[in-house]
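J.: Sequence below, structure please.
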Amino acid sequence: MKALIIDDEKRARHLLYNLITEHCANITSIDEAQDLASGVDLIKASKPDVVFLDIEMPNQSGLDILEYFPNHIDFKIIFVTAYNQYAIEAFKLSAVDYLLKPVDTTELKEAVAKADEAIKTNNLYNQLNKLRNSLEQLSMDKIVLEIPKGIMFVSHNDILYFEADGMYTNVQLVDSKQKTICKPLKHFVGQLENNALFFKCHRSYFINLKYVDELVKDNGDYLLMSNQKRIPISKSKRDQFLEVIKETFM
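T.: Residues are numbered from 1 along each chain as shown. Next up is the predicted model:
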């Protein structure tokens, strides 16, 4: 971890520097600043993981640090002060800990351990958010199929149709492969209801319109798919289908 000490007293900075160096092996570098303004400049330049911040300083209190970071603080604060009346205000600012001068070695190590744990938790949270955002973008074009040996990410364009099979669904892919998924058809209808490419033409079929070759009116209406599969279309869906075809192509 990288640390920054902000304290107007040079002797106090050096004492804390020596304590951290001797007892906190997970802190690998330490910068120093003599007031809040220069400390903020260092924070922006060096991006420390943890800031040891004095409260009582000339010109500006350490408690004013949020004025410089109104939107987001990506470092952990440990307040260090000789005056315990500031404890409540410090914790209102979501400080990791609050140390009284002279700093006790055990309390210092505990505070640094808290900061380290909070940083790891934040890093995990950020990683999960990145993964979540990536998968949300992926879901715009792909769907997840749970297969016996894991999961498949399949592009919407690679699906010809979904066919109900009791509480299962057969998913027919453009490469002629078929996957049987342990989910009912309504699961996929719900997932893709806002995708204009897919159309529920029958209670047992949910098709990709991209692969419809022909609407055939012979021995009961059906849709001829690009793989020559004949898929029935119910009367109410046929009328809806024809209406949209006329609006779009005629």
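J.: how much space is there between residue 239 and residue 215?
T.: Counting by C-beta to C-beta, to the nearest Å, the gap from residue 239 to residue 215 is 12 Å. C-beta here means a position set from N, CA and C on the backbone, and glycine is covered the same way.
J.: Over to residue 247?
T.: Distance of residue 247 to residue 215, given as C-beta to C-beta: 15 Å.
J.: Settle it for me: which of those two has more neighbours?
T.: The residue with more neighbours, out of residue 247 and residue 215, is residue 215; 15 against 8, by other C-beta atoms under 10 Å.
J.: Pretty sure the more buried one sits against residue 230.
T.: No: Residue 215 is beyond contact range of residue 230, at 11.2 Å (criterion: C-beta atoms under 8 Å).
J.: Which neighbours do those two have in common?
T.: 222, 223, 224 (C-beta atoms under 8 Å, 6 or more residues apart in numbering).
J.: And the pLDDT at residue 31?
T.: On pLDDT, residue 31 comes in at 96.
J.: Contact partners for it?
T.: 2, 3, 4, 5, 42, 46, 48.
J.: Which strand or helix spans the closest residue to residue 68 other than its chain neighbours?
T.: Closest residue to residue 68 apart from its sequence neighbours, by C-beta to C-beta, 6 or more residues apart in numbering: residue 40 at 4.6 Å. Taking DSSP states H and E as the definition, residue 40 sits inside helix 36-46.
J.: what's that helix in contact with?
T.: Contacts of helix 36-46 (C-beta under 8 Å, 6+ apart): 2, 4, 6, 31, 33, 48, 51, 53, 57, 59-62, 64-65, 68, 75.
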